[in-house]
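Visitor: Quick one, fold the following:
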Amino acid sequence: MPSRKTHIIGGVIFSIPIVGGIYYYFASNFNYFLLSGILAASLVLVLFGSLLPDILERPSNPEHRKFFHSWFMLSFIFITAFIACFVIIPRFDHVFIIYPIFGFLLGYISHLLLDSTTKSSLT
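Guide: Okay, here's the model as predicted:
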């Protein structure tokens, strides 16, 4: 089972470049100062998203890896992130908070992807 540290590192490596790239691609008025703010806010929510499944379902709990560690949840979060990326962000690229929320979703996805590589996988 990946450790908390693994989930944090995996979430940051997976999510932050994507958030930055999405901002660069969709921003109608690209700004490095705004990018740094977006990445800083996204980092906080990526960290939270990459740890949230284990906060909701503690690894020491016999009910670990139920609903919040399921293929259904991975699919739901992935579809939500896809809609955020290709529908919401292009229309509201000037709204700062959209990017960190997208980062949160990517952090959650990275957690589930890392857990899916273990012996117990996802339910």
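Visitor: As a check, name the ranges of all helices in this protein.
Guide: Ranges of helices within the chain are 4-26, 32-56, 71-83, 89-91, 98-116, based on DSSP state H.
Visitor: other SSEs contacting the first one?
Guide: When you say that, I think you mean helix 4-26. helix 32-56, helix 89-91, helix 98-116 (3 or more CB pairs under 8 Å, 6 or more residues apart in numbering; DSSP states H and E). Yep, even glycine has a C-beta here, placed from its N, CA and C like the rest.
Visitor: what's the distance between it and the middle of its chain?
Guide: Distance of helix 4-26 from its chain centroid, counting by CA atoms, centre = their mean, to the nearest Å, is 7 Å.
Visitor: highest average neighbour count across the helices of the chain?
Guide: helix 98-116 (a mean of 23; mean count of other CB atoms under 10 Å).
Visitor: Mind giving me the packing neighbours of that helix?
Guide: Counting by 3+ CB pairs under 8 Å, 6+ apart, helix 98-116 packs on helix 4-26, helix 32-56, helix 71-83, helix 89-91.
Visitor: So for the longest one, mean pLDDT?
Guide: Spelled out, it's helix 32-56. Mean per-residue pLDDT for helix 32-56: 94.
Visitor: Can you check the pLDDT for Phe68?
Guide: 87.
Visitor: my guess is it meets Arg58, correct?
Guide: No: between Phe68 and Arg58 there is no contact under CB atoms under 8 Å: 10.7 Å.
Visitor: could you redo the helices and strands packed on helix 4-26 as CSV and give each row distance to Arg4?
Guide: Listed next are the helices and strands packed on helix 4-26 as CSV, based on distance: least, CB to CB, whole Å:
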stretch, distance to Arg4
helix 32-56, 7
helix 89-91, 29
helix 98-116, 10
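Visitor: Tell me which of the ones you listed lies nearest to Met73.
Guide: helix 98-116 (6.9 Å; CB to CB).
Visitor: Also compute the angle for the closest one relative to helix 4-26, please.
Guide: With axes from the mean of the first three to the mean of the last three CA atoms, to 10 degrees defining the directions, helix 98-116 sits at 140 degrees from helix 4-26.
Visitor: and of the helices and strands packed on helix 4-26, who's closest to Ser75?
Guide: When the helices and strands packed on helix 4-26 are compared (using CB to CB), the closest one is helix 98-116, at 9.7 Å.
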